[in-house]
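Novice: Fold the following.
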Amino acid sequence: MYPAPRYRSLLDCSHLFYYLSAKGLLGNRSSRKTPDWFVNHFQSTIDAVAKYMPTSMRGNGKLPEVYIIWAEEGALPNIDAVDTGLDLSVDITRFMLEDKKDFGLHGWDKLFPGATVAITKVPGNHFTMVHPPNVSHHCANIVPSVCVC
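Specialist: Here you go, the predicted model:
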């Protein structure tokens, strides 16, 4: 998973991750403590993204279809993000905390010029969208698009 080009400031979000972790808001559901493997995974992702600069996918053949899946909710449902004390001038902080209003391309079209892009949204936030009951929406939205029966 890679952040939309518009949100390259992901590299500046360790403070956000540790805040959400301390509040038990990373999809850990049954426990308030974020598992160590998840913390390590997050830090490894940040390190990899820091080194990676995407380029437009251009080729002689047909580009693959691109599927963008947006989480509808921010990580702080029913809480004013201003009350967190986090720096809301950082794009990725606002993007992760606040409910979504714009489910557009956010720069992905620049990476896949001319490709067919399908956009869907699912309930949950970036961390909870892959857990029940939210994950069932992935099947309903994606499987019919990628499976040829």
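
Novice: Could you pull up the residues touching the residue nearest to the spatial centre of the chain?
Specialist: For the chain, residue 126 is the residue whose C-alpha lies nearest the centre (C-alpha atoms, centre = their mean; 4.8 Å). Residues near residue 126 by C-beta atoms under 8 Å, 6 or more residues apart in numbering: 71, 75, 96. Every C-beta, even on glycine, is put in place using the N, C-alpha and C of the backbone.

Novice: could you check the distance from it over to residue 102?
Specialist: In this view, residue 126 and residue 102 are 15 Å apart by C-beta to C-beta, to the nearest Å.

Novice: do residue 90 as well
Specialist: Taking C-beta to C-beta, one finds residue 90 at 17 Å from residue 102.

Novice: Comparing the two, which residue is more hemmed in?
Specialist: residue 90 (17 against 9; other C-beta atoms under 10 Å).

Novice: Please pull up the helix or strand immediately following the top helix by length along the chain.
Specialist: Looking across the chain with DSSP state H, the single longest helix is helix 36-51. Next helix or strand after helix 36-51 toward the C-terminus (DSSP states H and E): strand 66-71.

Novice: Neighbouring strands of that following strand in the sheet, and parallel or not?
Specialist: Here strand 66-71 is paired, per DSSP bridges, with strand 117-122 (parallel).

Novice: if we can go back for a sec, phi, psi of the residue nearest to the centre of the chain?
Specialist: phi -50, psi -30 (degrees, to the nearest 10).
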